[in-house]
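>>> just to be clear, the model below is a prediction. Sequence and coordinates:
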Number of protein chains: 2
Amino acid sequence: MTPAEAVTALGALAQETRLALFRLLVQKGPQGLSAGAIGEALGILPSSLSFHLAQLSHAGLITQRRLGRHLYYAADFAAMNGLMAYLTENCCAGSAVCAPGCSPPISRTKGESHEAVSRSRQRR
Amino acid sequence: MTPAEAVTALGALAQETRLALFRLLVQKGPQGLSAGAIGEALGILPSSLSFHLAQLSHAGLITQRRLGRHLYYAADFAAMNGLMAYLTENCCAGSAVCAPGCSPPISRTKGESHEAVSRSRQRR
DNA sequence: GGCATAATTCTATTATTCTTGAAATGTGGA
DNA sequence: TCCACATTTCAAGAATAATAGAATTATGCC
């Protein structure tokens, strides 16, 4: 995860409608929800919904797939976990566990990145 | 954590300079760093630094304390964990563990909020 | 092909955010 | 008290993002 990617992802989530939308998809799981169902659940105009879906999609936080004439959107859990790992990376200089995803004080080979370690800890 | 608080926190992090600043503080741990040291590390103008520190502080993501004529800033780990818990709250409808902080399929008493459960899982 | 539904794209307007330099505040030491 | 240093506040301009409505594309069904 690059700084620019993280900023894009955080910016995508930093908006009331999009945050509600993303959390809705997180709670719905891998199956996701159609655009229409999302719009109905959140009560927003179709054009506005498309705009926000595009932001989240461009940020890599959600995926899109077609089922008949419906477009289904689902949260990308790997991306979400990657973002959280990026925020907590090398937390407290590795000397303490300050966060659920915080790097514990494991002795590491020189050159091995924290990011790689964080990634191996991801599930799904 | 309310939606508005989460949006404020995410918005505070959704900016290249502030994200680098926050991650720097996360890595420095509870002791933190003086404003001057942060400015030197990131190479930004004092006025710009103050602006960004104020954003993060207002969002509740960092704390401030004075030591002599220096102001020390440190990451607020409880706030960071709260934000991540909010994002992953009731993930996949509780039927699966999709994320490190995702609610596992625990049977809950009716009326007990997921937020309370998430909060009890926070450390520090 | 023609129609209805699902969703996106376009365009304009409004609102918010970032940057910079200058001025102001607060703190400790001579 | 006076000075130097650390940091914040202020003000103006430039850039970016959100909203709403109208028009467009894509799909499935008759």
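Yes, it's here.

>>> which residue ranges form the strands in chain A?
A:33-34, A:62-67, A:70-75 (DSSP state E).

>>> so which of those gets nearest DNA strand D?
Of all the strands of chain A, the one in closest proximity to DNA strand D, counting by C-beta to the nearest atom of the strand, is strand A:62-67 (6.3 Å). Placement of C-beta: from N, CA and C, glycine included.

>>> check whether the closest one contacts chain B.
No. Strand A:62-67 does not reach chain B (C-beta under 8 Å from any C-beta of the partner chain); its nearest approach is 13.1 Å.

>>> give me the buried positions along that strand.
For strand A:62-67, the neighbour count (16 or more other C-beta atoms under 10 Å in any protein chain shown) marks A:62-63 as buried.

>>> pLDDT at residue A:102, what is it?
Note on residue A:102: pLDDT of 72.

>>> how many residues are close by it?
Using other C-beta atoms under 10 Å in any protein chain shown, residue A:102 has 24 other residues around it.

>>> wait, isn't it in contact with residue A:92?
Yes. Using C-beta atoms under 8 Å, residue A:102 is in contact with residue A:92, at 6.8 Å.

>>> ok, now which ones touch the residue positioned nearest the centre of chain A?
Nearest to the mean C-alpha position of chain A, by C-alpha atoms, centre = their mean, lies residue A:80 at 2.6 Å. Contacts for residue A:80 (C-beta atoms under 8 Å, 6 or more residues apart in numbering or on different chains) come out as A:26, A:61, B:87-88, B:99.

>>> quick one: the helices in chain A, in order.
Under the criterion DSSP state H, chain A contains helices at A:3-13, A:16-28, A:35-42, A:46-58, A:77-88, A:114-120.
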